[in-house]
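Novice: Just need the structure, nothing else, for what follows:
(2 chains)
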2 protein chains.
Amino acid sequence: MLSSKLRASPGGRKLASLAVRSLSGEPTAPAMNTEVPGPQSNKLKSDLDAIQSMDSVAFFVDYDKSFGNYVVDADGNSMLDVFTSISSVPIGYNHPNLLKAFDNPHDMKAMINRPALGVYPGVDWVERLNNVLMSVAPQGMDQITTMMCGSCANENSFKMMYFKYMDDLRGGRDFTQEEMDSCMVNKAPGTPQLSVLSFHGGFHGRTAASLSCTHSKPIHKLDVPLFDWPVADFPRYKYPLEEFTRENAAEDARCLAQVEDIIVNQQKIGNPCAGLIVEPIQSEGGDFHGSSEWFKGLQAICARHNVSYMIDEVQTGGGPTGKMWAFEHFDLPEAPDIVSFSKKMLTGGIYHKKSLRPKQSYRIFNTWVGDPGKLILLDAVLKTIKSDNLLKNTEEAGKVLLDGLKDMQNKFPQYLHSARGLGTFCAIDCDTGARRDQILTKMRNEGVNCGGCGASAIRLRPALIFTPAHANIFLDKMEKVLKSL
Amino acid sequence: MLSSKLRASPGGRKLASLAVRSLSGEPTAPAMNTEVPGPQSNKLKSDLDAIQSMDSVAFFVDYDKSFGNYVVDADGNSMLDVFTSISSVPIGYNHPNLLKAFDNPHDMKAMINRPALGVYPGVDWVERLNNVLMSVAPQGMDQITTMMCGSCANENSFKMMYFKYMDDLRGGRDFTQEEMDSCMVNKAPGTPQLSVLSFHGGFHGRTAASLSCTHSKPIHKLDVPLFDWPVADFPRYKYPLEEFTRENAAEDARCLAQVEDIIVNQQKIGNPCAGLIVEPIQSEGGDFHGSSEWFKGLQAICARHNVSYMIDEVQTGGGPTGKMWAFEHFDLPEAPDIVSFSKKMLTGGIYHKKSLRPKQSYRIFNTWVGDPGKLILLDAVLKTIKSDNLLKNTEEAGKVLLDGLKDMQNKFPQYLHSARGLGTFCAIDCDTGARRDQILTKMRNEGVNCGGCGASAIRLRPALIFTPAHANIFLDKMEKVLKSL
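Specialist: Okay, the predicted model is just below:
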C-alpha cells in the first residue's frame, strides 16, 4: 500500500535511513485556498449553532476528498493533519483497506445488525475477539471486554477494581441481604466508600467516575458533582533529560513516596484506594512523560497495598509511540492489572488479568457492550499496521520529528523548549499559551493542522502512515512560522 | 417493503382490522432444531468464557440468516424475537433498507472516517442532524447532541442540568479563580454538592452518575461507590386500571407529595436537586407505568422548584409505544427540559430546550460525540417507519398483543396478572419470579425469544415490523406453554 518514494526536504533536513514512503495518490504538500476556518466552514458553524452548542468546531471536513495524511476542509483547503481528530484516525483518511472493509456481505450484516453482545453475540464474535483484539493484547493479559468509548472503558475498569477489592475484603463470601438492600439506595454497606487514585494533569474521560480522575482543565470539571478522591503528583521533569538525571530521579522518588503516603492515608480515613489509574504519557494535560523507574515503582507500591494498577492507553495505545502499547516502553516486570483503550483502536475496551474477572454475571454489562462493526474496521487497521510495518515507520518518522523539534528549540529558544516524544507521539512547549495558540493558528493557515495540550504545549498526533517525508513537511512549515513571529 | 398477507390465527384469535402484513420473505412460523442454547451455542459460550466473563449470553446468533422478526441461532433454530437485543433492533434483522444504507460511497466514507464531531465534523453533519434526528425531535425541543450510548447520553444530560442550576445560582457571572482551582481536585466551590432525583425501580445506565440513579437490581450496583442522591417512589398501580381509579389516583398523589418533600428537603440539607430523571415506563425495573396526571404533576413540581425535568426515553423512544416518544402519550402542557435516547435510535443522544444549552465550549464534549455511521442507519430506519407506517402498525399489533395478554390472564389467573402496555411495549406479571423464568425458558424452546424484567414480569419488546399476525403467533405459543405448566 505504501509506495517507495524519496522526497527532498525543502529545508535540506537530513532524511532518515529508511526509504521514505507515502500512501499512493496522496498529495505531496498542503494546498490552501482560504484562511481556516474559511467562509464555508463559518457558514456551517452558524448553521450548527442553531441546534447545538459546539463552539469547539475548528472547521468542517470534506471526508470524500480527504486522503492519507491530508484533511480537506469545506473550503477546499488541503492540510497535512498531525492531530487526526484528537489522535483517533489510525491509518489516515479513506485508506483503501478501510474502504473495502465491508465488501463482504457477512461483514456488512455484522455491522448493521449490532446486537446486545452480552446476550446475543454473533456466531463469529469469539473468533473476532481472538483474531482482532487478542492478537494485539499486551503480554500477560488474557481477558478482553469491549465498550463503546474510552470513558466507558475506564468506568467499567473501575468497577472491576471495586469488585476485586470488595471480594477480597469479604473473603469471597456471598453478598448479605443488608448489602443487597442498602446498595439499592446508594448506602453502605452495599455501596461502599472506595476511591481511585489519579494524578494531577491526568485525563481519563468525562463521565462521573472517569471525570473524578481527570485533572487537566477546569472547564471539563466546573459545576459537576464528583467523588472526593485523592490526587497525586505525576513527575514534572527538566529537559533535556540527559542534563537533569539527578533532579529527575529525585522527582520520581518524591512522587512515588507521595503515592504511597496517599494510599496509606486513604485506608486510615476510610476511603481506601481500590485502584490507581495512570496514563503512560499524560496527553490532554500537556504531554508529560514518566520514566520507566517511576512506572515500575508505581506497580511495586500497588502490589504492596493490594491496589489494582491500571494503565489508560486511550490516547497512547494502538501504535503512535512506535509500540502497540506505550507502557511496553517501560519494561514492567509483569503486566499491569488493567489496560483501557479507545481512539486509534476504533472501539473502546479493556484488557485485564484473570484476577480482575467479575465472579457474577451482569456486573460488567450494558445493552451493546461494544460494536462488532468497529472490530471489522480495526481488523483492517491491524492488518495494515502489520503488512506495512507501520510501527517501524512510526518509530522512524518519530526520530525525524523529534530531532527536528530539538533543532527547532535550539534555533528558537525564545519560543520553544522541552521537545519530547516516543514515536510520533511528540510535543514541545511554547514560552506562553498565547504563543502556542498563535503558532497553531499560523500553522493551520500554512496548511498544517496541529493540536495543543496543557497550558502551552503543541502536541503532534499524526496517523501511523505519517512518514519521515511528512515529518519534514511539518518541520519546514514550522520553521517558516517561527521565523514569521 | 411490507407485503399484504392475511394469516389465520391457529388459536382462532380475532384479527385486527388492519390488513396484516409481513416483511416479504420472512418465515411464517418458528422452526426449532434443538433446545436453546443448543450444542453450538454452548461450545461458543465455553470459548468466550476463556477470554471474558459473560455468563449472561443466552445464545449465539447467525446474523447472516436472521431476518425480519426471526432470529436464527448458532444451532439453526429460527425464533420469533419479541426481545430484539434488549429492545435495540428497530426494524428487524437484515432489513433491505439497512442492507443498502451504505451503497452510496459518500455514506461509506462518512462511516469509516469517524471524526471528532466536536472539532472536525463532516460538511454534511449539520444536514444529517437536521434531516435525521431533528425530523423526529419532540415538539418544543430544538437542540440536539449525539452521544455513543444511553448511559453517556444520561451522564451528559445531568451535566447540562448542573450547568444550568449553577449558572442560575451565580446569576450568570464568570467563574472565580477559587472555583476553577478547587474543581481541579474535586472540592467545593468548583465541585458543588448537587443531586439528581430518581425513582425506586428506575434504570438509567451503569456509569457512575447514571448508576447512582439506577435502582432496579442489586447486582447492577453492589460494591460500586455512588452518589448519595435521593430516591422517590414511582407509582405502583393496581390492575385492571379501570377497576382501581380511586386507589391509583391516591397513589399518584402520594408519590407526587413525596417528590416535592424530597426536593424541599434536599435544599435544606445542602444537596439540592439540579434535576429529576424519570422513565415514561420503568422498563428494566419491571414495566411500571405512570399516569399522565402523575407525569404532569412531576413537571409542575419541577417548574415550581427550578429543577430540570428530564425524561429518559432510552428504552421507550423510537416508536415501540406507537408514538415516536412515549411521553407524547401524557399530553404534557409543554415539552420536558431534556429527553435522552439510544437503543432503537441506534445512536445515543440528547434533545433539550435552549435553556439547557451550555454557555461555554468544551463542557459537553468528548472525542467522538457520537458516530455519523449510526445516523446513516437511523436515517434508513426513520424513512422506513414513515413509508411503511410502522407507528400505526405498532399501535395495531399492540392492541392484538394486549387484548391477547388480557385474555390469557383471564384464562390463567393462577399464573398471570396485570397485563399492561402501550403499543407493543407490553408486559404481564407472573405469580413468582421462578414461574416467569420457567415460562421464558419454555417459550424459547417453543421458538419465541422473550425477555424478563423486574421481579416477575415478562416484557415484550418486538421490532416495529411486528404485526398483528406475529402477535397471534406469540399468543398461540404462550397459550401452549401455559397449558403445559
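Novice: Poorly predicted segments of chain A, please.
Specialist: A:1-22 (pLDDT under 70).
Novice: switch the cut-off to 50
Specialist: Applying pLDDT under 50 to chain A flags residues A:1-12, A:14-20.
Novice: Parallel or antiparallel, list what pairs with whichever strand or helix holds A:Arg459.
Specialist: A:Arg459 is part of strand A:457-460, with elements assigned from DSSP states H and E. Partner strands and pairing direction for strand A:457-460 (DSSP bridges) are strand A:425-430 (antiparallel), strand A:451-453 (antiparallel).
Novice: Please work out how many residues are found near A:Pro413.
Specialist: 10 (other Cβ atoms under 10 Å in any protein chain shown). Every residue, glycine included, has its C-beta placed from N, CA and C.
Novice: returning to that earlier point: single out the most deeply packed of the strands paired with strand A:457-460.
Specialist: A comparison of these by mean neighbour count, using mean count of other Cβ atoms under 10 Å in any protein chain shown, puts strand A:425-430 on top with a mean of 25.
Novice: Which is the succeeding secondary structure element to that strand?
Specialist: Downstream of strand A:425-430, the next assigned helix or strand under DSSP H and E is helix A:433-445.
Novice: Which residue, neighbours along the chain excluded, lies closest to the closest residue to chain B within the stretch 351-485 of chain A?
Specialist: Closest to chain B within the stretch 351-485 of chain A is A:Ser361: 3.9 Å, counting by Cβ to the nearest Cβ. Spatial nearest neighbour of A:Ser361, chain neighbours left out: B:Asp55 (3.9 Å); criterion: Cβ to Cβ, 6 or more residues apart in numbering or on different chains.
Novice: Which other helices and strands does whichever helix or strand comes after the strand holding A:Arg459 contact?
Specialist: For strand A:457-460, the following helix or strand on the C-terminal side (DSSP H and E) is helix A:468-484. Judged by 3 or more Cβ pairs under 8 Å, 6 or more residues apart in numbering or on different chains; DSSP states H and E, helix A:468-484 is in contact with strand A:21-23, strand A:78-81, helix A:390-411, helix A:433-445, strand A:448-449.
Novice: what sits up against the second one?
Specialist: In this case it means strand A:78-81. For strand A:78-81, contacts defined as Cβ atoms under 8 Å, 6 or more residues apart in numbering or on different chains pick out A:27, A:29-32, A:36, A:65-66, A:69-73, A:89, A:93, A:444, A:447-449, A:462-463, A:470, A:473-474, A:477.
Novice: go on, the shortest one?
Specialist: When contacts are defined by Cβ under 8 Å, 6+ apart, strand A:448-449 is touched by residues A:30, A:58, A:71, A:79-83, A:443, A:473-474, A:477-478.
Novice: mind running it again at 6 Å?
Specialist: A:Met79, A:Leu80, A:Asp81, A:Phe83, A:Phe474, A:Lys477 (Cβ atoms under 6 Å, 6 or more residues apart in numbering or on different chains).
Novice: Max pairwise distance over those: which two?
Specialist: By the measure Cβ to Cβ, A:Phe83 and A:Lys477 form the most distant pair in those, at 13.8 Å.
Novice: Which one of these two is surrounded by more residues?
Specialist: Neighbours per residue (other Cβ under 10 Å) separate A:Phe83 from A:Lys477, with A:Phe83 holding more: 26 against 23.
Novice: List every C-alpha atom in stretch A:213-221, with coordinates, as CSV.
Specialist: C-alpha atoms of stretch A:213-221 as CSV (Å, rounded to 0.1, in the frame of the first residue of the first chain):
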residue,chain,number,x,y,z
CYS,A,213,-9.9,11.1,37.9
THR,A,214,-9.5,13.9,35.3
HIS,A,215,-7.4,16.9,36.3
SER,A,216,-6.4,18.6,33.1
LYS,A,217,-8.6,21.7,32.7
PRO,A,218,-11.2,23.4,34.9
ILE,A,219,-13.7,23.7,32.1
HIS,A,220,-14.0,19.9,32.0
LYS,A,221,-15.0,19.8,35.7
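Novice: so does it get close to chain B?
Specialist: Yes - Stretch A:213-221 lies within reach of chain B by Cβ under 6 Å from any Cβ of the partner chain, at A:His215, A:Pro218, A:Ile219, A:Lys221.
Novice: wait, what's in contact with the nearest residue to A:Ser151 once chain neighbours are set aside?
Specialist: Leaving aside its chain neighbours, A:Ser151 sits nearest to A:Gly205 (3.1 Å; criterion: Cβ to Cβ, 6+ apart). Under the criterion of Cβ under 6 Å, 6+ apart, the neighbours of A:Gly205 are A:Gly150, A:Ser151, A:Asn154.
Novice: let's go with 10 Å and repeat that
Specialist: For A:Gly205, the contacting residues are A:149-155, A:211-214, A:220, A:312, A:314, A:340, A:342, A:348, B:152, B:155, B:207, B:366-367, by Cβ atoms under 10 Å, 6 or more residues apart in numbering or on different chains.
Novice: Okay, it and A:Val185: tell me how far apart.
Specialist: Distance, A:Gly205 to A:Val185, using Cβ to Cβ, to the nearest Å: 26 Å.
Novice: what's the domain layout of chain A?
Specialist: A:106-385, A:390-455+A:476-485 (automatic domain parsing).
Novice: now the end-to-end length of the first one.
Specialist: For domain A:106-385, the first-to-last residue distance is 23 Å (Cα to Cα, to the nearest Å).
Novice: Now do the same contact list for the spatially most central residue of chain A.
Specialist: In chain A, the residue lying closest to the centroid (Cα atoms, centre = their mean) is A:Gln315, at 0.3 Å. A:Gln315 sits next to A:86-88, A:150, A:203, A:279-284, A:287, A:326, A:341-344, A:425, A:453, A:459, A:461, B:367 when contact means Cβ under 10 Å, 6+ apart.
Novice: taking these one by one, which sit in strands?
Specialist: A:Ile281, A:Gln282, A:Phe341, A:Phe425, A:Cys453, A:Arg459 (DSSP state E).
Novice: what sits against the fifth one?
Specialist: A:Cys453 makes contacts with A:86, A:201, A:203, A:216-217, A:282-288, A:315, A:427, A:436, A:459, A:461, as judged by Cβ under 10 Å, 6+ apart.
Novice: re earlier: return every residue with contacts to both of A:Phe83 and A:Lys477.
Specialist: Joint contacts of A:Phe83 and A:Lys477 (Cβ under 10 Å, 6+ apart) are A:Arg444, A:Val448, A:Cys450.
Novice: Tell me how far the residue located most distally from the centre of chain A lies from B:Asp437.
Specialist: Relative to the C-alpha centroid of chain A, counting by Cα atoms, centre = their mean, A:Gln177 is the outermost residue, at 41.4 Å. According to Cβ to Cβ, A:Gln177 and B:Asp437 sit 21 Å apart.
Novice: related to what we said a few turns ago, filter the shared contacts of A:Phe83 and A:Lys477 down to the buried ones, ChimeraX style.
Specialist: Remark: buried members of these, expressed as a ChimeraX selection using 16 or more other Cβ atoms under 10 Å in any protein chain shown:
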select /A:444,448,450
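Novice: Tell me the one of the shared contacts of A:Phe83 and A:Lys477 nearest B:Ala303?
Specialist: Closest to B:Ala303, out of all of the shared contacts of A:Phe83 and A:Lys477 and judged by Cβ to Cβ, is A:Arg444, at 45.8 Å.
Novice: what's near enough to touch that closest one?
Specialist: By Cβ under 10 Å, 6+ apart, A:Arg444 lies in contact with A:30, A:32, A:35-37, A:58-59, A:73, A:77, A:79, A:83, A:450, A:477, A:481.
Novice: 8 Å instead, please
Specialist: Taking Cβ under 8 Å, 6+ apart, one finds A:Val36, A:Ala58, A:Met79, A:Cys450 in contact with A:Arg444.
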